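**Q** Pasted the sequence and its predicted model underneath.
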Amino acid sequence: MRAFSAPGKALLAGGYLVLDPKYESFVIALSARMHAVVTSVKNPGLKDETNIHIKSSQFNHNEWNYIASKVRGFAPKEIDGKSNPFIEYTIINVCNYFFDIEADDNDITIEIFSDEEYHSKENTKVMKNTYKSFRFHDKDIQDVPKTGLGSSAGLVTVLTTALSSIFCKNLDISQHQHQRLIHNLAQIAHCQAQGKIGSGFDVAAATYGSIVYRRFFPDIISDLPKISTDDLDKYHTALRAVVDNSDWKMTATPTNLPKGFKLIMGDVNTGSETVKLVQKVKSWYNENLPSSLNVYKSIDSNNMKIIKLCQDLHILEKTNPTYYNDLLEGLSKGKIQNFKELQEFQNAVSEIRKNFRLITEQSGADIEPAVQTELLDNCCKLKGVLTGVIPGAGGFDAIALVASQDTDIALETKDLKEFQNVTWMKLRQANCGLSEEDSDHYRDLKSEC
Ligand SMILES: Nc1ncnc2c1ncn2[C@@H]1O[C@H](COP(=O)(O)OP(=O)(O)OP(=O)(O)O)[C@@H](O)[C@H]1O
Ligand SMILES: C[C@@](O)(CCOP(=O)(O)O)CC(=O)O
């Protein structure tokens, strides 16, 4: 029995630009995590087939029971005809990658758990033990509203890890080459399940944690052949080559918010359709060249300023702790104007937001709609708050603020009508990407009362 977990994400800087390998982005991994607990047994009754049971009991006892066999290219068959493409493409890719390894066990059960902040908490019951606490819903997974923290990327990443651990007994996810294996397999499965090749920052953050990210070239995945039972070797040979030997040309450099700063996220309970926003922005971009390129260049130079300022603040904390402590105190007390680093941070974010408001106006894609502008501006007036954005694709998703560690946002905004539609989420910046957990910590979950 082994257990793994992977974090959710907030794309603090780099929305839309991250789709182009030309630009870098700033991704914060979140304390909300997806978990997978895997067990396996030898079932002598099964000939040349593997049973894979995936349980997601938190969602109305959802489960998917698959049979996978080499002769069908490991295309999993769900015994009741149920479908979950994220699970299916994970099985296909992991099994095809390890196609020549005879695992000791052929009956595998993986239990999925997701931390509460991924989904709406309506109509839920808490089940907990000394170590973990999860919310149980009375609806199926696809009917529970999500908060946009990257549940599918987290799911595919932990599931890829859990299933790989059956074939690769010495899987050690603290090792770089194993992280790379998981990342590449999960990235492929996630794109195939979504039916599109996005930027992949969510899978990269689920694997590596908070990162400065430059995406892979999309053709690395789109060039993979279709799985065909006529030529089974074709897919796994190509998959192995892409996963192990191709140069993905992506970068995922570990980063973090500087010490004494924290991320705060506030859910506004509405949500946006990323695919539609991306389509509108792409059309606007292509129809407005070269001025749209100048807008992107301006956003990019401010994204880079934020990344550089975080690095500079890390250094300052070490080299000039007295000044750094004054700066943190200045942030807590609302004296931002006394510190050039804080001012530069604020200015960079306001330039990015200004550009996104321009794109909103010209493209019709609600990246920073007026109601969110008002909310962010009000947040920025709060003591301890440095700045705020709508992460990722923007729109009516959760907002993200950067603030001093001691900011008590719930207390500051309590009873203020301008914040009445915001639910402050129980989230922090994560301190790691993919990690191995103690499988005993998921046993004997009990209802609170
Ligand atoms: N705990 C889970 N158990 C089983 N399937 C899950 C679970 N969490 C997510 N999924 C799968 O992922 C799908 C949601 O993926 P989707 O990409 O739409 O959301 P997301 O990744 O949370 O959002 P976003 O990309 O906006 O951050 C669900 O419909 C389900 O198929
Ligand atoms: C618009 C985009 O750059 C970010 C989407 O981010 P999110 O799913 O809203 O967190 C799309 C992508 O990166 O795939």
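**A** Arrived safely, thanks for sending. Ligands and ions are numbered 1, 2, ... in the order given.
**Q** can you pull the buried residues of whichever strand or helix holds A193?
**A** Assigned by DSSP states H and E, A193 belongs to helix 176-194. For helix 176-194, a neighbour-count test (16 or more other CB atoms under 10 Å) marks 178-194 as buried. For the C-beta atoms, the positions are set from N, CA and C on the backbone; glycine is no exception.
**Q** mind listing the strands for the stretch 301-449 of the chain?
**A** Here the stretch 301-449 of the chain has its strands, by DSSP state E, counting those that start in this stretch, at 385-389, 399-404, 423-424, 435-437, 446-447.
**Q** Looking at the first one now, give me its mean pLDDT.
**A** Same thing as strand 385-389. Averaging pLDDT along strand 385-389 gives 98.
**Q** close to ligand 2, is it?
**A** No: counting by CB under 6 Å from any ligand atom, ligand 2 has no neighbours in strand 385-389; the shortest distance is 11.4 Å.
**Q** Distance from that strand to the middle of the chain?
**A** 21 Å (CA atoms, centre = their mean, to the nearest Å).
**Q** Also the longest one?
**A** Relative to its chain's centre, strand 399-404 lies at 18 Å (CA atoms, centre = their mean).
**Q** show me the contacts for I367.
**A** 15-16, 277, 281, 356-357, 359-360, 390, 393-395 (CB atoms under 8 Å, 6 or more residues apart in numbering).
**Q** mind redoing it with 10 Å?
**A** 15-16, 272, 277, 280-281, 353, 355-361, 390, 392-395 (CB atoms under 10 Å, 6 or more residues apart in numbering).
**Q** Just the buried residues of those.
**A** Of the contacts of I367, these count as buried by 16+ other CB under 10 Å: 15-16, 272, 277, 280-281, 353, 355-360, 390, 392-395.
**Q** Looking at those residues, which are in helices?
**A** 277, 280-281, 353, 355-360 (DSSP state H).
**Q** I'd like these written out as a markdown table, with distance to Q372 added.
**A** As requested, those are exported to a markdown table (distance: CB to CB, whole Å):
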| residue | distance to Q372 |
| --- | --- |
| L277 | 13 |
| K280 | 17 |
| V281 | 16 |
| R353 | 10 |
| N355 | 15 |
| F356 | 10 |
| R357 | 10 |
| L358 | 15 |
| I359 | 14 |
| T360 | 10 |
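**Q** Between all of those, which two are separated the most?
**A** K280 and R353 (18.0 Å; CB to CB).
**Q** so how far is the first residue of stretch 8-17 from its last?
**A** Terminal residues of stretch 8-17 are spaced 20 Å apart (CA to CA, to the nearest Å).
**Q** touching ligand 1 at all, it?
**A** No: judged by CB under 6 Å from any ligand atom, stretch 8-17 makes no contact with ligand 1; its nearest approach is 7.3 Å.
**Q** Dump the strands of the stretch 301-449 of the chain to TSV, plus mean neighbour count.
**A** Converted to TSV, the strands of the stretch 301-449 of the chain look like this (neighbours: other CB atoms under 10 Å):
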stretch	mean neighbour count
strand 385-389	23
strand 399-404	23
strand 423-424	16
strand 435-437	17
strand 446-447	9
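**Q** now for these, which one comes closest to D223?
**A** Per CB to CB, nearest to D223 of the strands of the stretch 301-449 of the chain: strand 435-437, 31.9 Å.
**Q** In terms of residue numbering, what are the domains of the protein?
**A** 2-254+433-447, 261-424 (automatic domain parsing).
**Q** could you give the angle of the strand of greatest length in the chain to strand 399-404?
**A** Using DSSP state E to assign secondary structure, the strand with the most residues in the chain is strand 25-41. Here strand 25-41 runs at 100 degrees with respect to strand 399-404, directions being taken by axes from the mean of the first three to the mean of the last three CA atoms, to 10 degrees.
**Q** State the paired neighbours of the following helix or strand past strand 25-41 in the sheet, together with their directions.
**A** Using DSSP H and E, the helix or strand that follows strand 25-41 in sequence is strand 49-56. Strand 49-56 sits in its sheet next to strand 62-69 (antiparallel), strand 107-114 (parallel), going by DSSP bridges.
**Q** near ligand 1, anything from the last one?
**A** Yes: using CB under 6 Å from any ligand atom, strand 107-114 comes into contact with ligand 1 via 112, 114.
**Q** What's the first helix or strand after that strand?
**A** Next along the chain from strand 107-114, counting by DSSP H and E, comes strand 124-128.
**Q** touching ligand 1 at all, that next one?
**A** No: using CB under 6 Å from any ligand atom, we find that strand 124-128 stays clear of ligand 1, coming within 13.0 Å at best.
**Q** which residues sit against that strand?
**A** 57-58, 113, 116, 133-139, 144, 444-449.
**Q** redo that, cut-off 6 Å
**A** Strand 124-128 has contacts (CB atoms under 6 Å, 6 or more residues apart in numbering) with 133-137, 445, 447-448.
**Q** Please apply the same query to stretch 288-296.
**A** 17, 285, 355.
**Q** what's the neighbour count on the first one?
**A** Under the neighbour criterion other CB atoms under 10 Å, L17 is assigned a count of 19.
**Q** from what I can see it touches Y23, true?
**A** Yes: using CB atoms under 6 Å, L17 makes contact with Y23 at a distance of 4.0 Å.
**Q** what touches both of the two?
**A** Shared contacts of L17 and Y23, counting by CB under 6 Å, 6+ apart, come down to D300.
**Q** Mind giving me the packing neighbours of the longest strand of the chain?
**A** Other helices and strands packing on strand 25-41, by 3 or more CB pairs under 6 Å, 6 or more residues apart in numbering; DSSP states H and E, are strand 2-13, strand 107-114, helix 151-167, helix 201-208, strand 211-214.
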